[in-house]
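Peer 1: okay, predicted coordinates and the sequence, questions at the end:
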Amino acid sequence: QVTLVESGGGLVQSGGSLRLSCAASGFTLSVYAVSWYRQAPGKARESVATINAAGGSTNYADSVKGRFTISRDNAKNTVYLQMNSLNTDDTAKYFCNARIIGSPAYNYWGQGTQVTVSS
């Protein structure tokens, strides 16, 4: 069975840090590009950070650049999102997405983990 499971969310004060994990099972995450998305109530889902399959290239939304770091541990079949200097605008449900664009294409989503930042 193919699954992506996010963990590490929670309640943190403004200025604090959290590390989210995205653990894959049933497939080899290292050959997939992986992105973290977030969705706040009443807002569209937005891409926060992306890491390519080789792990050598990352991209970040302007709103998190310099504060968030995406990384991968292929031995653990896991991708992480280290979030520092959190503020209330970062409050959202965070989702992990793994994909291969091609033929065949693959696209998997996790169920999400809630991050709440209090002022």
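Peer 2: Structure received. Numbering: from 1, shown residues only.

Peer 1: where do the strands of the protein begin and end?
Peer 2: 3-7, 10-13, 18-25, 33-39, 46-51, 58-60, 68-73, 78-83, 92-100, 106-109, 113-118 (DSSP state E).

Peer 1: could you list the paired strands of the third one along with their orientation?
Peer 2: What it means is strand 18-25. Sheet pairing of strand 18-25 (DSSP bridges) gives strand 3-7 (antiparallel), strand 78-83 (antiparallel).

Peer 1: so which residue is dead centre in this protein?
Peer 2: Closest to where the C-alpha atoms of the chain average out (Cα atoms, centre = their mean) is residue 36, at 2.7 Å.

Peer 1: check contacts around that residue.
Peer 2: Shown in contact with residue 36 (Cβ atoms under 8 Å, 6 or more residues apart in numbering): 20, 22, 47-50, 70, 79, 81, 94-97. From N, CA and C alone the C-beta is placed, and that goes for glycine too.

Peer 1: same thing with residue 2?
Peer 2: Neighbours of residue 2 in contact, by Cβ under 8 Å, 6+ apart: 24-27, 108.

Peer 1: of the residues you listed, buried ones?
Peer 2: Buried residues within the contacts of residue 2, counting neighbours by 16 or more other Cβ atoms under 10 Å: 24, 27, 108.

Peer 1: not counting its neighbours along the chain, what's nearest the last one?
Peer 2: Think residue 108. residue 98 (4.8 Å; Cβ to Cβ, 6 or more residues apart in numbering).

Peer 1: I'm done for today, thanks for sticking with me.
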